[in-house]
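Visitor: how would this look folded up:
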Amino acid sequence: MDKKTAPTKQKDIKREWHLIDAKEKILGRISSDIAKILMGKSKAYFVRNLDCGDYVVVINAKDVSLTGKKPKEKMYYRHSGYPGGFRGEAFQDLIKRKPEDVIIHAVKGMLPQNKLRASMLKRLYVFSTEEHKYQDKFVTK
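Guide: The predicted structure is shown next:
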């Protein structure tokens, strides 16, 4: 008897929707869980060369927390590409101005740096409050 494992194909991938509440959760812990879902690592047919992950909706991004001194000392940096265009912004300021970017930045750093990362990030939807437009996607049992 010759039994072989069938390779995963794009048509075999089934995507589900996950709702994650970030209220009073630690940024790094929740970001690693989100990254695993986006990659599809919990699925039996996971392969690294295909995008097997699910959709993730994160609510209450403004209420995410950090441990220790990080809320005061953590910095986010960016560069405009022009001379003198290097900017830094503290976590406290960024969470007030654009709380979605904090979670997206953390999850992006935990995804593999390859061609699939952009398609994985397209399935991440982050909202600063509880209101979101994807209520119809979640199946109630």
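Visitor: pull the helix or strand with minimum mean pLDDT from this protein.
Guide: helix 70-73 (a mean of 92; mean pLDDT, DSSP states H and E).
Visitor: how close does the most centrally placed residue in the chain sit to residue 39?
Guide: The centre of the chain sits closest to residue 107, judged by CA atoms, centre = their mean, with a distance of 4.1 Å. Per CB to CB, to the nearest Å, residue 107 is found 10 Å from residue 39. All C-beta atoms are positioned from the backbone trio N, CA, C, and that covers glycine.
Visitor: Please apply the same query to residue 67.
Guide: 25 Å.
Visitor: wait, what's in contact with the spatially closest residue to residue 101 that is not a sequence neighbour?
Guide: Nearest non-adjacent residue to residue 101, counting by CB to CB, 6 or more residues apart in numbering: residue 94, 6.3 Å away. Contact partners of residue 94, counting by CB atoms under 8 Å, 6 or more residues apart in numbering, are 76, 101, 102.
Visitor: Who are the contact partners of the last one?
Guide: The one in question is residue 102. Neighbour list for residue 102: 27, 61, 64, 76, 91, 94, 95 [criterion: CB under 8 Å, 6+ apart].
Visitor: Distance-wise, check it relative to residue 13.
Guide: From residue 102 to residue 13 the distance is 29 Å (CB to CB).
Visitor: Please, where are all the strands along the chain?
Guide: Per DSSP state E, the chain carries strands over the ranges 17-21, 55-59, 75-79, 86-90, 124-126.
Visitor: mind checking which of the ones you listed is nearest residue 33?
Guide: Residue 33 lies closest to strand 17-21 among these, at 7.3 Å (CB to CB).
Visitor: Going by contacts, tell me the helices and strands next to the closest one.
Guide: Under the contact definition 3 or more CB pairs under 8 Å, 6 or more residues apart in numbering; DSSP states H and E, strand 17-21 sits against helix 27-39, strand 55-59.
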